[in-house]
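In: One predicted model, sequence on top.
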Amino acid sequence: MTKKALIVGASGIVGSATAKVLGDDGWQVLGLSRTPQQQTNVTPVAADLLDPASLKKALAGLDPSHVFISSWLRQSTEAENIRVNSSMVRNVLDALSPAGSVKHVALVTGLKHYLGPFENYGKGALPQTPFREEQGRLEIDNFYYAQEDEVFAAAARDGFTWSVHRPHTIVGKAVGNAMNMGTTLAVYAAICKHTGRPFRFPGVEMQWEGLTDMTSANLLARHLLWASTTPGAANGEFNVVNGDVFRWKWMWSRIAAWFELEPATFDGTVQPLEKQMAEDAAIWREIAERHNLAEPDMNRLVSPWHTDADLGRPIEVVTDMSKSRRLGFLEYQPTDDAFFDLFEDLRANRLIP
């Protein structure tokens, strides 16, 4: 069977990592986005995910065998998140349906499956940790559930298999991404070094002291490839994390050392990055000019609101990977190495000094 992938959201953190992994594995890769970026070994496909006619025209004759969906648009309410993001999934799969070429659809969601949407993030009655796939859905509206339902309905109609992938916070490179902790922390560290400000942990004591885990974009991409080509993983829902656990009190000092900074002592005071970095756009332009960086607009690089949400959670968050391990996915990525690899990549591409 010809391996032809359509990546929805190919320029994002997950999509770009997936494009590289699939390309290296010999796949033909199509990258769908409203404004495609130049990517190695990726054929760009331009279309608006909210415009069915645009999608039908753009996807005609492309006939992918596998579809990887890792795109979403943040809205002001969860009701709007549900309406917009379920429509994008439905529109893509409806446009591909007549050709009958699709054999598998992989959907990337995340741990908000267990933690709830941003409006109720980490609140109310939550499942016991470590999170396990069989814990199922919360009794609350969530756009992840709506996206899943669109995939399930299209699979029943068109006969393809599916997989749902639930990463924790993703460490990877993308410019203009709505949820990008790694690059946010790198820019924050660079600003602290430039100005002499203390490198302060912005979150709560629970996250400083408690255990957590994260997901490398590269490991997630390999998991997507594995689930999409492993018969035993068909029609499965999977957590995807690196395999290690850590406390932020340890990781913060590791990140500080990489940037040759002394981490500030954490006294339990919450100092959100969104507040700390509110006036930093001009400082970043100065840094970018001094070091000839490729992106002088700080807001194209950082998402402090999302980092604050993660580091402000009142519960310990760890994730079980037993389901994937039992089926043969044994990949592992130390999270500090994932951060360091990202920082090296950012520096090599002149995105941080």
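Out: Cool, got the structure.

In: Please make it C-alpha for all contacts and neighbour counts, starting now.
Out: Fine.

In: for the stretch 1-150 of the chain, what are the low-confidence residue spans?
Out: Within the stretch 1-150 of the chain, the stretches with pLDDT under 70 are 1-2, 122.

In: check contacts around Pro64.
Out: Lys3, Lys4, Ala5, Leu6, Ser101, Val102 (C-alpha atoms under 8 Å, 6 or more residues apart in numbering).

In: Return the member of those residues nearest to Ser303.
Out: Lowest distance from Ser303 to these (C-alpha to C-alpha) belongs to Leu6, with 26.8 Å.

In: Buried ones in the strand or helix carrying that closest one, by neighbour count?
Out: Using DSSP states H and E, Leu6 maps to strand 4-8. Buried residues in strand 4-8, counted by 16 or more other C-alpha atoms under 10 Å: Lys4, Ala5, Leu6, Ile7, Val8.

In: what's the answer for stretch 202-212, then?
Out: Neighbour-count burial for stretch 202-212, counted by 16+ other C-alpha under 10 Å, picks out Pro202, Gly203, Val204, Glu205, Met206, Gln207, Trp208, Gly210, Leu211, Thr212.

In: Using TSV, lay out these together with distance to Ala189 and secondary structure.
Out: Shown next, in TSV, are the buried residues of stretch 202-212 (distance: C-alpha to C-alpha, whole Å; DSSP: H, G, I helix; E, B strand; the rest coil):
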residue	distance to Ala189	secondary structure
Pro202	12	coil
Gly203	15	coil
Val204	19	coil
Glu205	20	helix
Met206	22	helix
Gln207	19	helix
Trp208	18	helix
Gly210	23	coil
Leu211	23	strand
Thr212	21	strand
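
In: Adding pLDDT and distance to Ala146, write these out as CSV.
Out: Shown next, in CSV, are these (pLDDT from 0 to 100; distance: C-alpha to C-alpha, whole Å):
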residue, pLDDT, distance to Ala146
Pro202, 97, 32
Gly203, 97, 30
Val204, 97, 31
Glu205, 97, 33
Met206, 95, 31
Gln207, 96, 29
Trp208, 97, 33
Gly210, 96, 31
Leu211, 97, 30
Thr212, 97, 27
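
In: which residues touch the longest helix along the chain?
Out: Ranked by residue count under DSSP state H, the longest helix found in the chain is helix 78-96. The contact list for helix 78-96, computed with C-alpha under 8 Å, 6+ apart, reads 49-52, 55-56, 59-60, 63, 69, 72-75, 102, 117-119, 141-144, 146-147, 150-151, 154.
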